[in-house]
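K.L.:
Sequence and computational prediction follow.
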Amino acid sequence: RLKDGRALAQDVWSIFNAANLPSDCINLGQGYMNFAPPTWVTEAAESALNTVVANHYSHPKGRIRLREAISKFYGPTLGRTLDTENEILVTSGANEGQYSVFVAFLEQGDEVIMFEPYFDQYLPSVTFNGGKPVYVPLHPNKTKLHPTSNDWAIDFEELRRAVTPRTKMIIVNTPHNPVGKVFTRDELEKIAAIAEEFNLLVMSDEVYDCLVFDNKEHVRIATLPGMWDRTVTVGSAGKAFAATGWRVGWLIGPPSIIGPTLAATTRIVFCSNSPLQEAAAAGLEQATERGFFEKQLAEYAERREVLCNAFERLGMKYTLPEGSYFVLLDISEVDIPDDYPFPASLDGRGRDFRACWFIAMEVGVSSIPVSEFYCEEHCSIGESFARFAFCKDLETLKAAGERLQNLK
Ligand code: GLN
């Protein structure tokens with residue numbers, strides 16, 4: 001089952017793990033925060049730990065308090081009343097939820113279309129379950145010095161040509177990791193039309209939905225006409241409440257998708273982390289009243305500005321993200337000495353792996369090489385980019401920005 005070379009290779013997150021880098025290296029690599037979740041959320045976690053029943057198995061669908069909170073929070077954004085019994089499933093992080101969808105729906109040889117670059121977990125999650133990834137490129141803008149994520153364009157003829165009689169599903173990821181692209185309504189309508197025409201399922205990974213900048217509209221493809229019945233929408237407490245290690249995520253969709261996925265997740269993990277589900281519920285219950293997501297977004301907008309300003313000062317080409325907390329920097333001009341002592345874990349990997357390692361060791365800022373988000377055949381496109389995460393406090397980002405000036 002695990003024949004795919006890429007799926008078996010060491011994952012980028014453990015190669016560029018803070019543990020492998022000098023302790024004073026500023027970590028803008030794997031996307032997690034260096035600040036705590038809000039205290040009113042961690043207090044809810046503490047209180048759940050002190051409640052006997054919250055320390056035990058939850059229903060495999062998820063704790064009812066969280067399912068109700070998801071229903072109240074997401075219902076209006078999806079334009080419908082969500083049935084907590086059949087249309088919501090709490091999972092052990094968004095990743096396990098998506099994996100469970102593949103377990104439930106993929107037959108050997110089924111094709112899954114994903115836009116490339118794609119979040120790296122999709123590939124093994126599809127191939128481990130007998131599926132075949134099919135890649136449709138987001139085309140970077142080669143001429144602008146500071147393209148925005150929206151300049152990474154979809155060729156809809158390419159998308160149409162990628163569909164075959166074996167196509168089962170399209171993965172949409174908006175806001176997109178690693179590009180930061182916020183798919184426009186027009187783009188989503190075109191994707192939806194293709195999904196309808198060829199009767200495809202859509203997995204819409206929207207874990208960065210609370211991070212959409214510049215008053216751009218976050219459109220949920222599930223809300224487009226006819227799409228609810230074929231779409232599963234993916235969300236994450238980790239991204240929403242700065243708690244990526246909690247592994248609490250959720251899926252929202254019609255009973256025809258949630259039902260089989262529940263059967264899969266029940267056999268994989270049985271249920272997700274109980275006490276932290278209570279805390280995530282408190283987060284969603286209180287977020288609106290506290291104006292939490294608006295405040296958090298403003299903080300992230302400032303972080304994005306600090307990092308992008310540093311790239312601006314450097315005069316290097318980067319993509320301004322309209323969503324998520326990642327910036328792609330074009331590193332194709334960074335000189336890397338051939339005789340640099342690179343670790344064996346980089347053998348056979350793209351130039352960007354060496355560039356990111358070199359930058360981490362010599363400049364003291366870590367990032368993630370973007371060829372990891374491309375299939376083996378298309379690696380060379382990703383080799384031009386390093387992904388920097390700005391889910392860090394301002395002081396850290398300012399210090400990283402200073403260090404990065406040494407790339408000049
Ligand atoms: N979503 C995180 C990122 O892109 C990483 C998740 C993971 O480590 N698998 O940085």
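P.N.:
Happy to help now that I have it.

K.L.:
who's in contact with stretch 301-316?
P.N.:
Residues outside stretch 301-316 that contact it (CB atoms under 8 Å, 6 or more residues apart in numbering): 28, 146, 213, 318, 320-321, 325, 327, 329-331, 333, 388, 390-394, 397-398, 400-402, 404-405, 407-408. (Glycine included, C-beta is placed from N, CA and C.)

K.L.:
give the contact list for Arg160.
P.N.:
Ile194.

K.L.:
Send over the helix or strand where it lies as CSV, restricted to the C-alpha atoms.
P.N.:
Assigned by DSSP states H and E, Arg160 belongs to helix 156-162. Extracted C-alpha coordinates of helix 156-162, given in CSV (Å, rounded to 0.1, in the frame of the first residue of the first chain):
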residue,chain,number,x,y,z
PHE,A,156,-10.0,26.1,-16.1
GLU,A,157,-9.3,24.2,-19.3
GLU,A,158,-6.5,22.4,-17.5
LEU,A,159,-8.9,21.6,-14.7
ARG,A,160,-11.5,20.2,-17.1
ARG,A,161,-8.9,18.1,-18.9
ALA,A,162,-7.8,16.6,-15.6
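
K.L.:
just checking, what packs against the next helix or strand after it?
P.N.:
Scanning forward in sequence from helix 156-162 by DSSP H and E, the next helix or strand is strand 167-173. Helices and strands touching strand 167-173, by 3 or more CB pairs under 8 Å, 6 or more residues apart in numbering; DSSP states H and E, are strand 111-116, helix 185-197, strand 201-205.

K.L.:
Strand 167-173 to strand 111-116, inter-axis angle?
P.N.:
Angle of strand 167-173 versus strand 111-116, following axes from the mean of the first three to the mean of the last three CA atoms, to 10 degrees, is 20 degrees.

K.L.:
Next, the buried residues of the one helix or strand Tyr135 maps to.
P.N.:
Per DSSP H and E, Tyr135 falls inside strand 132-139. Going by neighbour count (16 or more other CB atoms under 10 Å), the buried part of strand 132-139 is Lys132, Pro133, Val134, Tyr135, Val136, Pro137, Leu138.

K.L.:
re the thing from before, winner for burial among the helices and strands packed on strand 167-173?
P.N.:
Among the helices and strands packed on strand 167-173, strand 201-205 has the highest mean neighbour count (mean count of other CB atoms under 10 Å), at a mean of 25.

K.L.:
Counting by contacts, list what it packs against.
P.N.:
Helices and strands touching strand 201-205, as assessed by 3+ CB pairs under 8 Å, 6+ apart, comprise helix 93-105, strand 167-173, helix 185-197, strand 231-236.

K.L.:
Quick one, which of those gets closest to the ligand.
P.N.:
helix 93-105 (6.4 Å; CB to the nearest ligand atom).

K.L.:
could I get that closest one in CSV with only the CA atoms?
P.N.:
Presented in CSV, the C-alpha positions along helix 93-105 are these (Å, rounded to 0.1, in the frame of the first residue of the first chain):
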residue,chain,number,x,y,z
GLY,A,93,-7.5,17.6,13.9
ALA,A,94,-8.6,18.6,10.4
ASN,A,95,-6.0,16.2,9.0
GLU,A,96,-7.5,13.1,10.5
GLY,A,97,-11.0,14.3,9.4
GLN,A,98,-9.8,14.5,5.8
TYR,A,99,-8.0,11.2,6.1
SER,A,100,-11.3,9.6,7.2
VAL,A,101,-13.1,11.1,4.2
PHE,A,102,-10.6,9.3,2.0
VAL,A,103,-11.0,6.0,3.9
ALA,A,104,-14.7,6.3,3.5
PHE,A,105,-14.9,7.2,-0.1
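
K.L.:
which other helices and strands contact it?
P.N.:
strand 88-91, helix 122-127, strand 201-205, strand 231-236, strand 249-252, helix 255-268.

K.L.:
does Gln71 really touch Asn86, like I thought?
P.N.:
Small correction: residue 71 is Ser, not Gln. No: Ser71 is beyond contact range of Asn86, at 11.2 Å (criterion: CB atoms under 8 Å).

K.L.:
just to revisit the earlier point, strand partners of the strand holding Tyr135, parallel vs antiparallel please.
P.N.:
Its sheet considered, strand 132-139 pairs with strand 111-116 (parallel), strand 153-154 (antiparallel) by DSSP bridges.

K.L.:
Just the pLDDT at the residue of the stretch 301-408 of the chain found nearest the ligand, thanks.
P.N.:
In the stretch 301-408 of the chain, the residue that lies nearest the ligand is Ala389 (6.1 Å; CB to the nearest ligand atom). Here the pLDDT value assigned to Ala389 is 98.

K.L.:
Same question for Leu2.
P.N.:
Leu2 is given a pLDDT of 60.

K.L.:
one step back: which of the buried residues of strand 132-139 sits closest to Glu278?
P.N.:
When the buried residues of strand 132-139 are compared for distance to Glu278 (CB to CB), Pro133 wins out at 36.2 Å.

K.L.:
Identify the bridge partners of that closest one.
P.N.:
Applying DSSP bridges, one finds that Pro133 bridges with Val112.

K.L.:
could the buried residues of strand 132-139 be laid out in TSV, adding pLDDT?
P.N.:
What follows is the buried residues of strand 132-139, written out as TSV (pLDDT from 0 to 100):
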residue	pLDDT
Lys132	96
Pro133	96
Val134	97
Tyr135	97
Val136	97
Pro137	94
Leu138	96
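
K.L.:
Out of the contacts of stretch 301-316, list just those in helices.
P.N.:
Taking DSSP state H as the definition of helices, the contacts of stretch 301-316 contribute Leu394, Leu397, Lys398, Ala400, Gly401, Glu402, Leu404.

K.L.:
For burial, what's the neighbour tally of Pro124?
P.N.:
When neighbours are defined as other CB atoms under 10 Å, Pro124 has 19 of them.

K.L.:
The closest residue to the ligand within the chain in helix, strand or coil?
P.N.:
Residue of the chain nearest the ligand, by CB to the nearest ligand atom: Gly31 (2.9 Å). Recorded secondary structure, Gly31: coil (DSSP: H, G, I helix; E, B strand; the rest coil).

K.L.:
In space, what's closest to it - neighbours in sequence excluded?
P.N.:
Nearest non-adjacent residue to Gly31, counting by CB to CB, 6 or more residues apart in numbering: Ala389, 4.4 Å away.

K.L.:
just to revisit the earlier point, filtering the buried residues of strand 132-139 by proximity to the ligand, which remain?
P.N.:
Among the buried residues of strand 132-139, proximity to the ligand is found for none (CB under 6 Å from any ligand atom).
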